[in-house]
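Undergrad: build me a model from this:
(chains A and B)
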Amino acid sequence: MDKFVRLIATACPLSLPNLNTDQILPARYLKWPRSRGLGTVLFDDVRLDAKGQPRDDFAFNHDVYRTAKVLLAGRNFGGGSSREAAVYALYDHGFRCVVAPSFGDIFSQNAVKNGLLTAIAAEADIEKLADLVRRTPSQPVTVDLEKQTVSGGDISLAFTIDPISRNQLLNGWDDVDLTESYRERIAAFKAEDKTIRPWATPTAKQ
Amino acid sequence: MMSNSQTLIDKLWAAHEIVRRDDGASLLWVDRHYVHEGSFHAFSQMKTRGRSVAEPQLTFGVADHYVPTRGRDGGIANPEIAAMVRNLEANTGDNRITLFGLRDPRQGIVHVVGPEQGLTLPGLLIVCGDSHTSTHGAFGAYAFGIGASEVAHVLMTQTLWQRKPKRMRITVDGTLGTGIAAKDIALAIIAHIRADGAQGHAIEFAGSTIRSLSMEGRLTLCNLSIEAGGRCGMVAPDATTFAYLKGRPFAPKASDFDRAVEAWSALTTDAGASFDREVSLNANEITPIVTWGTTPDDALPVDGRVPDPAREGDATRAKYLREALDYMGLAPGTKLTDIVVDRVFIGSCTNSRIEDLRAAAAVLSGRVSKVPGLVSPGSSSVKRQAEQEGLDKIFRDAGLEWADSGCSMCVGINGDLVASGERCASTTNRNFRGRQGPGARTHLMSPAMVAAAAVTGHLADVRPLLAGRKA
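TA: Okay, the predicted model is just below:
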């Protein structure tokens, strides 16, 4: 996995609360292989109106935000379904960081496994930054994972992130490789556990 | 003074922790891993690395998300959907994983099949690439949903890195009234703590009301933990749990079962153990609940009215209310019982077990549904049992379609969709925009309440319809 230390890019304001993974990527696209690229159908059901036309009141649709890599989102972003393809869609579109007051637990974990930073910040702070990029869409913002800040213009906000996720992103750690280094511990646990919890192994097929 | 008292959550965590890193990440042993058609991304990741499944005998496949519920014997017409089911067959076959496939008599929804087959047991750590994996916590298991990268990690190593969550106890005491179900308790909880109220927490459900719930009721309750933001919800195992498990195909047998019960009986929260957050509800105050909006915490007693954004002081909340009402096609202040429905759906991992079907049938018996509807039993076994009990006849006589088992109209990816603009009274778990199909409008409620909506044609309190009947 690529390391994430610092990012300088434009940001897209999207202040809707409870934007769950069904809204980020509707279920009908879950059949798509990753190779097809999911960025083109990101937010389809919230982005388009009943006639399939882009909604003007959805900032994401505006060309000025087309190359944004930072998404300024609302409370409880990515709740609901565990579909990791919601993260693929954000990533394939080009986003590398989502800033929100809170995230769905499964979504946050899926994000870090794919190098997408989920930064938790106060709603009022995010709104200030969102106002700035609404006025000046070309305004670059800087996401600094070491300092845990997002800044743009004269605004700088602090964010929090689980230290485990922070470590993983800063170092570009791969979970499977990391787990390999504990191979002996796992084998020892398994052997001992079989004697402590013999009932945990499923009985033979009926 | 430090106490040695532990919560159930602490005990389950400790039993599976292989190692804990300095940054707080624990490597956990996984006892059961359930995979389904949607797990294809993870199998691809594994193949790309040239790896194989570490513990095939602890991994079980279930075809549920994409399977047809009608005309199954004729094969799957849609080639993309057929490929999803075939892909699961290939991935499980290549890796020597037991599969409850499309034509297996044990096929069903993964969160119904696991318990039914005795694969889900107290004290186990269970994962699946599906957020409703919290369901299995009903047995006193530590069960949670994971994404594709984590599924791949479990396939390759049978372990998972996690931070221990905070602990929340939700206590419900008192007696439930007639016609009030586990679904109503769950919706009352979600409305109370909100859709993100349990974020970062594992939940233990406790109290006299929970203790007196059947396994089916506990499964519904734990299933909906994720709709309150909790990745994991559980109930301590007890005599009800053990009675359910005895004789199940994959559960321990004879003296092994007795020894297991002895071990499982210790899986309770010790007196004096502390939680990071405590929430209490009084069961006597819980009435039939329906959702009106586009998140599960938009839940109100059925005798209420939908909110009026003009009377909402908070501007962000008022904006949300306007958009939700607009999507749902509802005028502010409408009486919930004035909301006319176009169809009903009974099914999903939340409410498709035999008791759910009985509860709906008790209302529908001798009555006719005013709207079309679909009943999809939680598993092929549930379907057979319901047919033995004659429930299928009650549903058919009421004018509803009796179908095969799968995730069906809860998520619509098998093609069972609610049309755009249509309003569906549904026993499912998510009333999100577009969840049952683009433009679909979903109202969540218990199976008995869905039956009440069917026979009246609008959202309705089921209780008068149960007068003089055995609920």
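
Undergrad: use CA for all of it now, contacts and neighbours both
TA: OK.

Undergrad: give me the low-pLDDT residue ranges for chain A?
TA: Counting by pLDDT under 70, chain A has low-confidence residues at A:204-206.

Undergrad: which parts of it are helices?
TA: Taking DSSP state H, the helices of chain A run over residues A:21-24, A:44-47, A:85-93, A:105-113, A:123-135, A:163-171, A:175-180, A:183-196.

Undergrad: wait, which of those helices is closest to B:Arg358?
TA: helix A:21-24 (30.9 Å; Cα to Cα).

Undergrad: now that closest one, how far from the centre of its chain.
TA: With Cα atoms, centre = their mean, to the nearest Å as the basis, helix A:21-24 stands 12 Å off its chain's centre.

Undergrad: pull the CA atoms of that helix into CSV?
TA: The C-alpha coordinates for helix A:21-24 follow below in CSV (Å, rounded to 0.1, in the frame of the first residue of the first chain):
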residue,chain,number,x,y,z
THR,A,21,-22.6,3.5,1.7
ASP,A,22,-25.8,2.8,-0.2
GLN,A,23,-25.7,6.5,-1.3
ILE,A,24,-21.9,6.4,-1.9
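
Undergrad: contacts for that helix, please.
TA: Helix A:21-24 has contacts (Cα atoms under 8 Å, 6 or more residues apart in numbering or on different chains) with A:42-46, A:78-83, A:86, A:89-90, A:107, B:432-435.

Undergrad: apply 10 Å and report the result again.
TA: If you take Cα atoms under 10 Å, 6 or more residues apart in numbering or on different chains as the criterion, helix A:21-24 is touched by A:27-28, A:41-47, A:77-87, A:89-90, A:104, A:107, B:411, B:430, B:432-435.

Undergrad: in the chain, where's the longest strand?
TA: I'll assume chain A. The longest strand of chain A (DSSP state E) is strand A:6-14.

Undergrad: if you could check chain B rather than the one you did, that'd help
TA: Chain B, longest strand under DSSP E: strand B:166-173.

Undergrad: wait, doesn't B:Ser365 sit right on B:Asp397?
TA: Yes - between B:Ser365 and B:Asp397 there is a contact under Cα atoms under 10 Å: 8.3 Å.

Undergrad: what are the phi and psi values for B:Ile97?
TA: phi -100, psi 130 (degrees, to the nearest 10).

Undergrad: look up how far A:Phe60 lies from it.
TA: 43 Å (Cα to Cα, to the nearest Å).

Undergrad: please name the residues that touch the residue most central in space within chain A.
TA: Closest residue to the average C-alpha location of chain A: A:Ala111 at 4.0 Å, with Cα atoms, centre = their mean. By Cα under 10 Å, 6+ apart, the contact list for A:Ala111 reads A:78, A:84-88, A:90-91, A:96-98, A:117-118, A:165, B:147, B:149.

Undergrad: ok, the closest residue to B:Met445 other than its chain neighbours - contacts?
TA: Using Cα to Cα, 6 or more residues apart in numbering or on different chains and skipping the chain neighbours, the partner closest in space to B:Met445 is B:Val290 (5.0 Å). B:Val290 makes contact with B:183-184, B:187-188, B:296-304, B:336-337, B:425-426, B:443-446, B:449-450, B:459-461, according to Cα under 10 Å, 6+ apart.

Undergrad: pull out the buried members of those.
TA: B:183-184, B:187-188, B:296-302, B:336-337, B:425-426, B:443-446, B:449-450, B:459-461 (16 or more other Cα atoms under 10 Å in any protein chain shown).

Undergrad: where does the stretch 1-150 of chain B dip in pLDDT?
TA: B:1-3.

Undergrad: near chain A, which residues of the stretch 301-450 of chain B show up?
TA: Counting by Cα under 10 Å from any Cα of the partner chain, the positions of the stretch 301-450 of chain B adjacent to chain A are B:316-317, B:319-320, B:411-415, B:420-421, B:429-430, B:432-439.

Undergrad: which residues does the spatially closest residue to B:Ala451 that is not a sequence neighbour contact?
TA: On the basis of Cα to Cα, 6+ apart, the spatially nearest residue to B:Ala451 that is not a chain neighbour turns out to be B:Ala360, at 5.3 Å. By Cα under 10 Å, 6+ apart, B:Ala360 lies in contact with B:346, B:375, B:391, B:394-395, B:446-452, B:454, B:462, B:471.

Undergrad: please repeat the previous calculation with a cut-off of 7 Å.
TA: For B:Ala360, the contact set (Cα atoms under 7 Å, 6 or more residues apart in numbering or on different chains) comprises B:Pro447, B:Ala448, B:Ala451.

Undergrad: next step: the residues you listed restricted to helices.
TA: Reading helices off these with DSSP H, I get B:Pro447, B:Ala448, B:Ala451.

Undergrad: around the closest residue to B:Ala359 other than its chain neighbours, how many other residues sit close by?
TA: Nearest residue to B:Ala359 in three dimensions, chain neighbours excluded: B:Ala448, at 5.4 Å (Cα to Cα, 6+ apart). Neighbour count for B:Ala448, taken as other Cα atoms under 10 Å in any protein chain shown: 30.
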